[in-house]
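here's a sequence, model it:
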Amino acid sequence: MKKFIVAVSLLSFVVVALPTSGWCYGQPSVNLGFTSFVDGGPPAGPGFYFQQYLQYYTADEFVDGPPTAEIDVWVSLTQLLYQSDQELLLGGKWGMNVMLPIASFDLNDASGLSANSGIGDLLIGPYLQWDPIMGANGPVFMHRIELQMIFPTGSYDENVAINPSSNHFSFNPYWAATVFLTPRWTVSWRLHYLWNDENDDTGFQPGQAVHANFTTAYEVIPNHLRLGINGYWFKQTTDNEVNGNAIDGREKVLAIGPGLVWHFNQKQHLFINAFKESSAEFRTEGERVTLRYVHHF
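Numbers count the residues shown, from 1 in each chain. Below is the predicted model:
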């Protein structure tokens, strides 16, 4: 490969492709660690939601990549969401999710890799949200299906190793759910499938993948504070391709750490989540912290 191929993941992890080698960190931006506790439904029912995320990611190891590279990433992610009260299909109520990230990179690499900060790719996701299934002591299960699409609208330069945009379309649907094991103890997950189109500028097409966020939390202060454990997992299932030719470099990573959510009231919520990555292959391995503020109008 004569040119650097795609580069960054804004919503999840940093990726970089190296020329003239089998190393290829090429997956687009996906949600690893941005969402966590009680993920199966909106906290205040129908209406408009504003959510603001701030995430810091740092890594001093590019597994299967450049041994001298270190990177720090700051991501600001703004989300607007509308949850209707109108049933559309099989009892599910329709909604719409729009997200736009901005990323800043500090890259220290002796081999000369460079980074391009700026606005990332636009994410749009129509979804269906089902009302909670109720038990004798409150909700026992709630879930949602969203058809997320990532459009290549962000800043991109094919001659730069790390970019805010992947420069190709991706389809990233998910199923999110929360189980109330008791009225105060919850388990939540968000399971994604990822399909990537080809980058027309480089001929590079990342392989397909599956990934998930998973959490469990306990409400230690009723109606206010939940403490728990959060994690994420990513596994690429097919090879990357350049101009239709398969190349090595299937990415994998696992992360876990502590987290909390403070419910100021039903309309305002603050999430804080920390993660330590391990078992990485063909990608960076580091740590991240995510802050997320939710407001219901």
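
how about the strands of the stretch 51-200 of the chain, start to end?
70-89, 92-108, 118-119, 122-129, 133-135, 138-146, 149-151, 170-171, 174-180, 185-196 (DSSP state E, counting those that start in this stretch).

can you add mean neighbour count, distance to Trp262 and mean pLDDT and give the ones you listed back as CSV?
Backbone N, C-alpha and C define where each C-beta goes, glycine included. Converted to CSV, the strands of the stretch 51-200 of the chain look like this (neighbours: other Cβ atoms under 10 Å; distance: least, Cβ to Cβ, whole Å; pLDDT from 0 to 100):
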stretch, mean neighbour count, distance to Trp262, mean pLDDT
strand 70-89, 16, 19, 95
strand 92-108, 18, 22, 94
strand 118-119, 16, 30, 95
strand 122-129, 18, 23, 98
strand 133-135, 12, 25, 96
strand 138-146, 18, 20, 97
strand 149-151, 19, 30, 97
strand 170-171, 18, 33, 97
strand 174-180, 20, 18, 98
strand 185-196, 19, 15, 98
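
can I get those in JSON lines with distance to Pro206?
Formatted as JSON lines, the strands of the stretch 51-200 of the chain follow (distance: least, Cβ to Cβ, whole Å):
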{"stretch": "strand 70-89", "distance to Pro206": "19"}
{"stretch": "strand 92-108", "distance to Pro206": "18"}
{"stretch": "strand 118-119", "distance to Pro206": "21"}
{"stretch": "strand 122-129", "distance to Pro206": "16"}
{"stretch": "strand 133-135", "distance to Pro206": "37"}
{"stretch": "strand 138-146", "distance to Pro206": "21"}
{"stretch": "strand 149-151", "distance to Pro206": "12"}
{"stretch": "strand 170-171", "distance to Pro206": "8"}
{"stretch": "strand 174-180", "distance to Pro206": "18"}
{"stretch": "strand 185-196", "distance to Pro206": "4"}
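
of those strands, which approaches Gln51 most closely?
Closest approach to Gln51 among these (Cβ to Cβ): strand 70-89, 4.0 Å.

partner strands of the closest one and their direction?
Strand 70-89 has these partner strands in its sheet, going by DSSP bridges: strand 47-62 (antiparallel), strand 92-108 (antiparallel).

what about the most centrally placed residue in the chain, distance to Ala69?
What sits nearest the mean C-alpha location of the chain, by Cα atoms, centre = their mean, is Asn31, with 0.8 Å. The gap separating Asn31 from Ala69 is 24 Å, by Cβ to Cβ, to the nearest Å.
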